[in-house]
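Engineer: Show me how the following folds:
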Amino acid sequence: MALRFSILGSGSNGNAALLRSDDARILLDAGFSTRRLSELLEAADEKLESIDAILLTHEHGDHAAGLAGLARHPHIRVFANRGTAEKVQAGLKHRVTWNYFETGSTFTFRDLAISAFSVPHDAQDPVGFVVAQGHGDLLSPRRSVAWLTDLGHAPGHITGHIRDVDVLVLESNHCPELLQADTKRPWQVKQRISGRHGHLSNLAARDLLAGVAGAAWRHVYLAHLSRDCNSTEAVTATCGAALSARQCGYTIVPPGEGAAAFELA
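Structural biologist: Model prediction:
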């Protein structure tokens, strides 16, 4: 029994991750065209035809763009809450066979248990996910991944969801100084990004990492970095000490790139 997790791509232009278990192949978000998703999956020794399901956090294009091309792949089950599904469906030419879940619930798909919890972001009903395999005993140890990529701040309930996971993927979207100095984005966009329903800054990511008592993390990915308003160097400068104090492995995913697979044996 094992899980294998890899980030296919992460950043303002697209987000998707691949989780492989004994019985399932799922995508966490699908924020690239189906052609690009196919390329990214092939680089990870997988094929779009082998994907069983997509878990969708919210309707924004950098997380949901791939659904536009799924008419050719009707076998892929798409899981979303009703608010997200309705927003995405309104922009599609084909009808998706939706599998609805309630925000705040836990549901199963094959050998995986999936918890969907609310996050503060400027979308219809955005969620984060914890995906787990196993029952937590000697014969079936629990392995889990948290996917937490779009949130303006971290309410208290977030800590309870992410404390005990093996792998945490956390947004570290922007450096506040670089965001304010950026000349491409108008003031209103900067306010949205830095607001309480926007995106997590490096400072906010650091505070969350440092504030979770007794975390069981084996590896942390800092992801969804802005290409213009952040850098791996800025994230390291702000979050490196908090990550090192955790004594776990960590990866800062460069803007627009993915990350190598992590095995949860």
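Engineer: tell me the contacts of Val235?
Structural biologist: Counting by Cβ atoms under 8 Å, 6 or more residues apart in numbering, Val235 touches 172, 175, 202, 205, 222, 225, 252. Yep, even glycine has a C-beta here, placed from its N, CA and C like the rest.
Engineer: The last one contacts Ala237, correct?
Structural biologist: If I follow you right, that is Ile252. No. In this structure, Ile252 is not within contact of Ala237 by Cβ atoms under 8 Å, at 10.7 Å.
Engineer: For those two, indicate the residue with more neighbours.
Structural biologist: Ile252 (21 against 13; other Cβ atoms under 10 Å).
Engineer: and Ser140, how many neighbours?
Structural biologist: 12.
Engineer: Check what pLDDT it gets.
Structural biologist: Ser140 carries a pLDDT score of 79 in this model.
Engineer: hmm, back to that, just the contacts of Val235 now: which is nearest Ala132?
Structural biologist: Distance to Ala132 across these (Cβ to Cβ) is lowest for Leu222, with 21.5 Å.
Engineer: Give me the secondary structure label for that closest one.
Structural biologist: Taken by DSSP: H, G, I helix; E, B strand; the rest coil, the conformation at Leu222 corresponds to strand.
Engineer: oh, and call the first residue 52 from now on, that's how I've got it
Structural biologist: In the new count, where the first residue is 52, that last one comes out as Leu273.
Engineer: Run through the helices of the chain in chain order.
Structural biologist: 85-94, 112-115, 133-140, 207-213, 227-232, 238-245, 253-262, 283-297 (DSSP state H).
Engineer: re earlier: using a markdown table, lay out the contacts of Val286 together with distance to Asp162.
Structural biologist: What follows is the contacts of Val286, written out as a markdown table (distance: Cβ to Cβ, whole Å):
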| residue | distance to Asp162 |
| --- | --- |
| Ser223 | 31 |
| Cys226 | 40 |
| Asn253 | 36 |
| Ala256 | 31 |
| Leu273 | 28 |
| Leu276 | 32 |
| Ile303 | 31 |
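Engineer: Let me have those residues in CSV, adding pLDDT and distance to Leu202 as columns.
Structural biologist: Output for the contacts of Val286, formatted as CSV (pLDDT from 0 to 100; distance: Cβ to Cβ, whole Å):
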residue, pLDDT, distance to Leu202
Ser223, 98, 11
Cys226, 98, 17
Asn253, 98, 14
Ala256, 98, 10
Leu273, 98, 14
Leu276, 98, 15
Ile303, 98, 18
